[in-house]
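Enquirer: sequence unknown, structure follows:
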DNA sequence: ATATTTTTATATTGACCGCTATGAAAAGCA
DNA sequence: TGCTTTTCATAGCGGTCAATATAAAAATAT
């Protein structure tokens, strides 16, 4: 019996916090931080501004929570691949494969929420840009750490510039994100990924 | 003698159109379309709104003119490299080299104005996004055309997927742009470019 | 029943958005 | 010296921005 969950004191909230956060994620993903207004958010959630503010505090904090949620759902494939795949090479292959799938999904492709979110914006929103930048750098650092492990395990040569290699594959993912939003076909995106794998250390280049 | 230039009838304009356009280019480059307000623009130009509107029509048209100017100045190196370099390979090398230099320039790196300009934004500004997308696609098409020529000239194998190869190097440039804005050092950016060249058809991959 | 607590909706807040109506200022033309 | 033409600065247009003051509504607690 779950009767241990006592109802709190006041009026029960009509807003499903989890559902509302998913709605915010979708809007921010498609239109970015500056391109999504509080009015857009409340209309899509079916609530009024005060409900949104008591639940999430501010637009900026709501955006950060949406980014967290993205990292634990649509964007989780990167960390999962790095942790689960037996080799760094296989991890990168899976990351590129899944990036193509996620970024080109739906009638209006959305790319990567981190890469396409808020690269440029007004000076007063600099904290948002800095936060996004930090998240992108953290992703690259994660890839690099996996490459360092591959060096220790003998998969990659000791002289490998793991920082540069991680930055390279991150650049590919960022390029995939932009071109997906530009409407590039899945075949083109897959071809970009395949070409990027030709740069893998020691790999034989194709024709 | 250049006396053939008759002064027009009315009050002479205090606004130097060329100088004002360069100012707009810089602001739009740093802060994007939505992140730059008319007030920002007029303040930086040292004029009042009516002067800006008589000279450029609207914010959207000013942005387009700024993009045109970018393509003929800071961004011209792509078309120049494609036209001037004797081989496609040398053209790509030069594009990557100059992209690193231009994107990481200055105290606050600006990346590529086309790649970082307005990937996501409010639905009402969809025409701006579409215009930028069109310019990015045109750049890729230009690279692809150069690659097709390289196939005809025997530099690249007839079976080369020139569309995919062009999209790949465009993705690298887009990734360079984002990471430059994120503060990546010049060495990292150069290493990304060097890694990308390892994917060149027939090239021997490094360690 | 009454009090307490929390969330809700209504209605605004001041600031800023892109843009423009109005009329004065500055030039050439007669 | 007018008269015409064009650009200029002042001031403000309606609209939207993110965020809130206020108070009614809806639950538990006493």
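Expert: Everything's here; your move. From a predicted model like this one, the values you see are computed outputs, not experimental measurements.
Enquirer: tell me the domain ranges of chain A?
Expert: The record's domain parsing of chain A by automatic domain parsing lists A:17-59, A:74-197.
Enquirer: measure residue A:45 to residue A:59 for me?
Expert: 13 Å (CB to CB, to the nearest Å). The way it works is simple: take the backbone N, C-alpha and C, and place the C-beta from them, glycine included.
Enquirer: Pick out the residue nearest the middle of chain A.
Expert: residue A:75 (4.2 Å; CA atoms, centre = their mean).
Enquirer: contacting residues for it?
Expert: By CB atoms under 8 Å, 6 or more residues apart in numbering or on different chains, the contact list for residue A:75 reads A:102, A:112-114.
Enquirer: which secondary structure elements does the biggest helix by length in chain A contact?
Expert: The longest helix of chain A (DSSP state H) is helix A:126-152. If contacts are counted by 3 or more CB pairs under 8 Å, 6 or more residues apart in numbering or on different chains; DSSP states H and E, helix A:126-152 sits against helix A:59-72, helix A:76-84, helix A:88-103, helix A:162-181, helix B:162-181.
Enquirer: Tell me the pLDDT of residue A:76.
Expert: Looking at residue A:76, its pLDDT stands at 98.
Enquirer: hang on, I meant residue A:197
Expert: pLDDT, residue A:197: 98.
Enquirer: do residue A:189 as well
Expert: 98.
Enquirer: what sits against it?
Expert: When contacts are counted by CB under 8 Å, 6+ apart, residue A:189 touches A:100, A:103-104, A:176, A:179-180.
Enquirer: how does it look with 10 Å?
Expert: With contact taken as CB atoms under 10 Å, 6 or more residues apart in numbering or on different chains, residue A:189 is in contact with A:96, A:99-101, A:103-104, A:109, A:175-177, A:179-180, B:164, B:167, B:171.
Enquirer: Narrow those to just the buried residues.
Expert: Listed as buried from the contacts of residue A:189 are A:96, A:99-100, A:103-104, A:109, A:175-177, A:179-180, B:164, B:167, B:171; burial here means 16 or more other CB atoms under 10 Å in any protein chain shown.
Enquirer: Also within reach of DNA strand D: list those from the residues you listed.
Expert: Applying CB under 7 Å from any atom of the strand to these, one finds that nothing falls near DNA strand D.
Enquirer: Return the item of those residues having minimum pLDDT.
Expert: Checking pLDDT across the buried ones among the contacts of residue A:189, the minimum falls on residue A:109 at 83.
Enquirer: so what's that residue closest to, chain neighbours aside?
Expert: residue A:180 (4.5 Å; CB to CB, 6 or more residues apart in numbering or on different chains).
Enquirer: returning to what we had before: and the longest helix of chain A, is it in reach of DNA strand D?
Expert: No: using CB under 7 Å from any atom of the strand, helix A:126-152 never reaches DNA strand D; the gap is at least 10.9 Å.
Enquirer: Give me the average confidence score over that helix.
Expert: Mean per-residue pLDDT for helix A:126-152: 97.
Enquirer: Check the secondary structure at the residue in chain A positioned nearest to DNA strand C for me.
Expert: Nearest residue of chain A to DNA strand C, counting by CB to the nearest atom of the strand: residue A:10, 2.0 Å away. Secondary structure state of residue A:10, per DSSP: H, G, I helix; E, B strand; the rest coil, is coil.
Enquirer: tally of neighbours for it?
Expert: The tally of other residues near residue A:10 (other CB atoms under 10 Å in any protein chain shown) stands at 6.
Enquirer: Overlap in contacts, residue A:45 and residue A:59.
Expert: What both residue A:45 and residue A:59 touch, as defined by CB under 10 Å, 6+ apart, is the set A:24, A:52.
Enquirer: Quick one: residues contacting residue A:103.
Expert: A:74, A:109-113, A:115-116, A:173, A:176-181, A:184, A:186, A:189.
Enquirer: So which bits of chain A are right by DNA strand C?
Expert: Close to DNA strand C, as judged by CB under 7 Å from any atom of the strand, chain A has residues A:8-15, A:47-51, A:54-55, A:122.
Enquirer: Okay then, goodbye and thanks.
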